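1. Okay, here's the prediction I keep looking at, along with the sequence it came from:
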Amino acid sequence: MEISKSVDQQTKLRRQRVLAFIEVHAAALAHQGTVVASFRRRGGQIVGPYYRLAFRQNQVQRSSYLSNDMELVAEVRTALANLQKPGRDRRVFLRQKRVVRKALAQCKAEWKRALARRGLRLQGYEVRGWHCPGPRAAAAKGGCGGQESSQGSLHATVKESQGIAALKQDVESMTR
């Protein structure tokens, strides 16, 4: 009975020591660190696995022995995963952001090509190149859309035409 108590006490002490080690080195373990399994050779036989928590600090490897207690190993792996989760989530977000930006650039390039086929151009997210007749021709025909601004110059409004309808179809097919 005494032996089991001392083993339980050793296990509790080891658990406390390891969790204190994790707290002290939390900043370094948040960026890197792992639970490592190793095997030993005794009397010609391979024994193990024995586990340890390992990481590098200032180019020096540091570690804490975990023994072969699988409960402690699982607890340390969980604690380590919780410490490293924000960094892992950030890397996943940045990777997704790069993918989205690349897809956006490809869509804009495709959109530019479709606009160029119609004699238009893309400036930012605005389509440019819609032209209406000059002021004299527009005045003779009743203006470009028939609207005037407060300065007296003619204000262009876009009317639906076959070219615009074809452009809309191209844009719709790109967004599907």
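-> Noted; the coordinates are in hand.

2. Toward the C-terminus, what is the element adjacent to the helix or strand where Ala105 lies?
-> Assignment of secondary structure by DSSP states H and E places Ala105 within helix 70-117. Sequence-wise, the next helix or strand downstream of helix 70-117 (DSSP H and E) is strand 121-123.

3. Sheet-wise, list the partners of that following strand with their directions.
-> strand 126-128 (antiparallel) (DSSP bridges).

4. Check which residues of the partner strand are buried.
-> Val127 (16 or more other C-beta atoms under 10 Å). Yep, even glycine has a C-beta here, placed from its N, CA and C like the rest.

5. quick one: least confident helix or strand in this structure?
-> None of the helices or strands of the chain scores lower by mean pLDDT, DSSP states H and E than strand 154-155, at a mean of 33.

6. Ser64: neighbour count?
-> Ser64: 20 surrounding residues under other C-beta atoms under 10 Å.

7. My assumption is that it lies in a strand; please confirm.
-> Yes - under DSSP: H, G, I helix; E, B strand; the rest coil, Ser64 sits within a strand.

8. what's across from it in the sheet?
-> Here Ser64 shows beta-bridge partners Leu53, assigned using DSSP bridges.

9. still on that earlier bit, give me the mean pLDDT for the helix holding Ala105.
-> Across helix 70-117, pLDDT averages out at 92.

10. what's Arg17 in contact with, if anything?
-> Counting by C-beta atoms under 8 Å, 6 or more residues apart in numbering, Arg17 touches Ser64.

11. Please, which helix or strand holds Arg56?
-> Using DSSP H and E, Arg56 falls in strand 45-57.

12. Same check on Arg41?
-> Assigned by DSSP H and E, Arg41 falls in strand 34-42.

13. Show me what that strand is packed against.
-> Packing partners of strand 34-42 (3 or more C-beta pairs under 8 Å, 6 or more residues apart in numbering; DSSP states H and E): strand 45-57, helix 70-117.
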